[in-house]
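Asks: I'll drop the sequence and a predicted model, then ask my questions.
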Amino acid sequence: MGGAVLGTAVVDANGNFAAPLTPAQANGQIVTLTQADAAGNVSPLGQAIAPDIISPIGLTAAINGAGNLVTGAGEAGATVTIRDAGGTVLGTAVVAANGTYAAILTPAQLNAQVLQVTQADATGNASTPATVIAPDLTAPLAPIGTVSGDGTSLTGTGEVGATVTIRGVGGTVIGTAIVDANGNFTAPLTPAQANGQIVTLTQADAAGNVSPSARPPHPTSPHPSA
């Protein structure tokens, strides 16, 4: 700290002393100390290392478009760890002397997963977590659906939040629906499909990834989905 005096104390009759430090030194700092006798004679310098109980700061994180690399800034020498929602470690890196890091993720994260990023210094003090959201490049599975007995609606299951699109002969859109929080949807059909018509359905997630198409069984022609 540029030679600033942090504390003083008088050595007692047992040869011991205790000096309060202001400000407290709690981040692994090296401090120097001397003692001077009553005549003013000063000893050589001694050293003491402060405890490191302060969490590192300055963590930033970003994920690349391929979902396999997290980069950012942190405290030099700290270890950055990236975990998935279940706590599994996907990648680690040590922050370089210039305060940057790059951590390879295994496996790549390609389905809008929320990842937690932390850094820990050599003493094990961990930072406040940062989060990154992986790119969404993964198409949902084909939805499952059934046309109602009167042909006026199609109900089924899909990926939460996805938009289901139903097409009739020639690819004309005859109904749409959003999959609810329970994974269910109901789409009104216009016009009604009550004469054994073949319909197909797909679902698209928020990133626009479109599922394979499915062909639901029709009440007058109950064939398995294809």
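Replies: Noted; the coordinates are in hand.

Asks: so where's this structure shaky on pLDDT?
Replies: 1-2, 26-28, 50, 52-53, 218-226 (pLDDT under 70).

Asks: same thing but 50
Replies: Low-confidence segments of the chain, defined by pLDDT under 50: 1, 221-226.

Asks: quick one: what helix or strand has the most centrally placed residue in it in it?
Replies: Nearest residue to the geometric centre of the chain (CA atoms, centre = their mean): Leu115, 1.7 Å. Following DSSP states H and E, the helix or strand that holds Leu115 is strand 114-120.

Asks: Counting by contacts, list what that strand packs against.
Replies: Judged by 3 or more CB pairs under 8 Å, 6 or more residues apart in numbering; DSSP states H and E, strand 114-120 is in contact with strand 69-73, strand 79-83, strand 130-133. Just so you know, the C-beta spots here come from the backbone N, C-alpha and C atoms, and that holds for glycine as well.

Asks: what's in contact with that strand?
Replies: By CB atoms under 8 Å, 6 or more residues apart in numbering, the list of residues contacting strand 114-120 from outside reads 56, 59, 61, 63, 70, 72, 74-75, 78-85, 90, 95, 105, 109, 126-134.

Asks: distance of Asp121 from Leu59?
Replies: Spatial separation of Asp121 from Leu59 under the definition CB to CB, to the nearest Å is 11 Å.

Asks: Are there residues contacting both of the two? Which ones?
Replies: Jointly contacting Asp121 and Leu59 under the rule CB under 8 Å, 6+ apart are Glu75.

Asks: what sits against the closest residue in space to Val11 that isn't next to it in sequence?
Replies: Distances taken as CB to CB, 6 or more residues apart in numbering place Phe17 nearest to Val11, at 4.7 Å, with adjacent residues excluded. Contact partners of Phe17, counting by CB under 8 Å, 6+ apart, are 9-11.
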